[in-house]
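**Student:** Predicted model, plus sequence, below.
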Amino acid sequence: MCQKYREGQVNGETSESDEELLERFISGNEEAFAKIVERHQTRVYNISYGIVRNRTIAEDITEETFIKLFLKAHTFKGLSKFTTWLHSIAANTAKNYLKTLKRRSLEVNIEDIVEIKNNIVGPEKNTEATILNERINQALRKLPDRQREVFIMRHINGFTVKETAEMLDISSGAVKANLSFALSKLRDL
């Protein structure tokens, strides 16, 4: 998973904030852009994959997200965190892809997330993780699209209510309501 980057030590090196890197990139330093991509490509991919549920397409959306960032970096106003802005670009790019295909069925597969956790906890937990993954997928398939999106953003991707609202272009109240309905339905399953 992506790490939060702030000023300070990261892997023994002094790290610049995303905003500082973005400013350097806007000023013409392409190395700063490469650092932004390196920091955020996994998270952008996970957001894209969570929406389109196709690895190849998620890779394309990830690439397209960073192309958009490259072309539109100067439009970042700083009204939200850089990561919120970038993740919204990824989410909107993925949603636009789905609209183009006129697909309404968003199905999450958290196999990659469970796989990452397996590497952390060890192979002995692999069977339990596989069973858990399948149960979670079955339950999430039963949720309406918006509730599933909100649940994934909050509980799988770890975004705040405010960040989720900004990325999905809905109110914080709508996020809370959809999350409440989703949790209620999941408890009943």
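**Tutor:** It's in. Numbering: from 1, shown residues only.
**Student:** can you tell me the helix or strand for the residue nearest the centre of the chain?
**Tutor:** Closest residue to the average C-alpha location of the chain: Ile47 at 3.0 Å, with C-alpha atoms, centre = their mean. Assigned by DSSP states H and E, Ile47 falls within helix 30-52.
**Student:** which residues touch stretch 84-95?
**Tutor:** The contact list for stretch 84-95 (C-beta atoms under 8 Å, 6 or more residues apart in numbering) reads 40, 43-44, 47-48, 51-52, 58, 61-62, 64-65, 68-69, 76, 159, 163, 166-168. (Each C-beta comes from the backbone N, C-alpha and C, glycine too.)
**Student:** go again using 7 Å as the cut-off
**Tutor:** Contacts with stretch 84-95, where a contact means C-beta atoms under 7 Å, 6 or more residues apart in numbering, come from 40, 44, 47-48, 51-52, 61, 64-65, 68-69, 76, 163, 166-167.
**Student:** Could you list the low-pLDDT ranges of this structure?
**Tutor:** 1-14, 101-126, 129, 189 (pLDDT under 70).
**Student:** So what are the structural domains in it, by residue number?
**Tutor:** Annotated domains of the chain cover 1-103, 107-189 [automatic domain parsing].
**Student:** that older thread, the residue nearest to the residue nearest to the centre of the chain when sequence neighbours are not counted: how many residues sit nearby?
**Tutor:** In space, and not counting its chain neighbours, Ile47 is closest to Ala90: 4.6 Å by C-beta to C-beta, 6 or more residues apart in numbering. Neighbours of Ala90 under the rule other C-beta atoms under 10 Å: 27.
**Student:** how near is Ala90 to Asn137?
**Tutor:** Note on Ala90: its distance to Asn137, by C-beta to C-beta, to the nearest Å, is 22 Å.
**Student:** Please apply the same query to Gly173.
**Tutor:** Counting by C-beta to C-beta, the separation of Gly173 from Asn137 is 28 Å.
**Student:** between those two, who's got more neighbours?
**Tutor:** Using other C-beta under 10 Å, the more surrounded residue of Gly173 and Asn137 is Asn137, with 15 against 10.
**Student:** buried ones in stretch 69-87?
**Tutor:** Of the residues in stretch 69-87, 69, 73, 76, 80-87 count as buried by neighbour count, 16 or more other C-beta atoms under 10 Å.
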